[in-house]
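Novice: Give me coordinates for this.
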Amino acid sequence: MEALEERLSGLESDYVAVVQRVTVKLDQHEELLHGLSNDVREQGQQLREHGQQINELNKNVREQGQQLREQGQQLREQGQQLREHGQQINELNKNVREQGKDLYEMRLRMGNVEIRLSRMDERLDSLGEDMRTKFDQVISLLTRSDRVDA
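Specialist: Purely as a prediction, here's the structure:
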């Protein structure tokens, strides 16, 4: 029996040693799990913060997209206005060219009128000279006939 008691005592001491080692290992695992749990909590918090940042970025991207669409619409409208202004400018240029042609034709006509007026002035000057000469002749004849009558 003594042998059994010794064996039982040896088993108890072995059992106590195993239980102590298991307890130490369990404590170590508990510390590791507690550390991992804290890490997981921190990473979860970081993920939530990243999620919020991503949501804010998405919101900003949507707002910027809306602004870009609005600016694109404004650019299209301005492009249309520029095309309309271009057409108006082309029409004005066409009118200016036509008026330039009209002015050229008027200048030609005025040149012809000026030539005719110059010719008429020359004829009138010539006619004036002829009339003075004839008037002088008539006066000279009249003054001779007055002398002859006297």
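Novice: Could you check how far Met106 is from Phe135?
Specialist: Separation of Met106 from Phe135 (C-beta to C-beta, to the nearest Å): 41 Å. Glycine gets a C-beta too; all of them are placed from N, C-alpha and C.
Novice: And Asn55, by the same measure?
Specialist: Applying C-beta to C-beta, the value for Asn55 to Phe135 is 114 Å.
Novice: Gln67 now?
Specialist: According to C-beta to C-beta, Gln67 and Phe135 sit 95 Å apart.
Novice: Please report how far Arg62 lies from Asn55.
Specialist: With C-beta to C-beta as the criterion, Arg62 and Asn55 are 11 Å apart.
Novice: Name the residues contacting each of the two.
Specialist: Common contacts of Arg62 and Asn55 (C-beta atoms under 8 Å, 6 or more residues apart in numbering): none found.
Novice: tell me the secondary structure for Ser37?
Specialist: Local secondary structure at Ser37 is given as helix here, using DSSP: H, G, I helix; E, B strand; the rest coil.
Novice: Extract the CA atoms of stretch 110-126 and return them as CSV.
Specialist: Presented in CSV, the C-alpha positions along stretch 110-126 are these (Å, rounded to 0.1, in the frame of the first residue of the first chain):
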residue,chain,number,x,y,z
MET,A,110,-16.9,110.3,-107.3
GLY,A,111,-13.7,110.2,-109.3
ASN,A,112,-15.7,110.2,-112.6
VAL,A,113,-17.8,113.1,-111.3
GLU,A,114,-14.7,115.0,-110.2
ILE,A,115,-13.2,114.5,-113.7
ARG,A,116,-16.5,115.7,-115.3
LEU,A,117,-16.6,118.7,-112.9
SER,A,118,-13.0,119.5,-113.8
ARG,A,119,-13.9,119.4,-117.5
MET,A,120,-16.9,121.6,-116.9
ASP,A,121,-14.7,124.1,-114.9
GLU,A,122,-12.3,124.1,-117.8
ARG,A,123,-15.2,124.7,-120.3
LEU,A,124,-16.7,127.4,-118.1
ASP,A,125,-13.3,129.1,-117.8
SER,A,126,-12.9,128.9,-121.5
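Novice: which element is Thr23 on?
Specialist: Assigned by DSSP states H and E, Thr23 belongs to helix 2-149.
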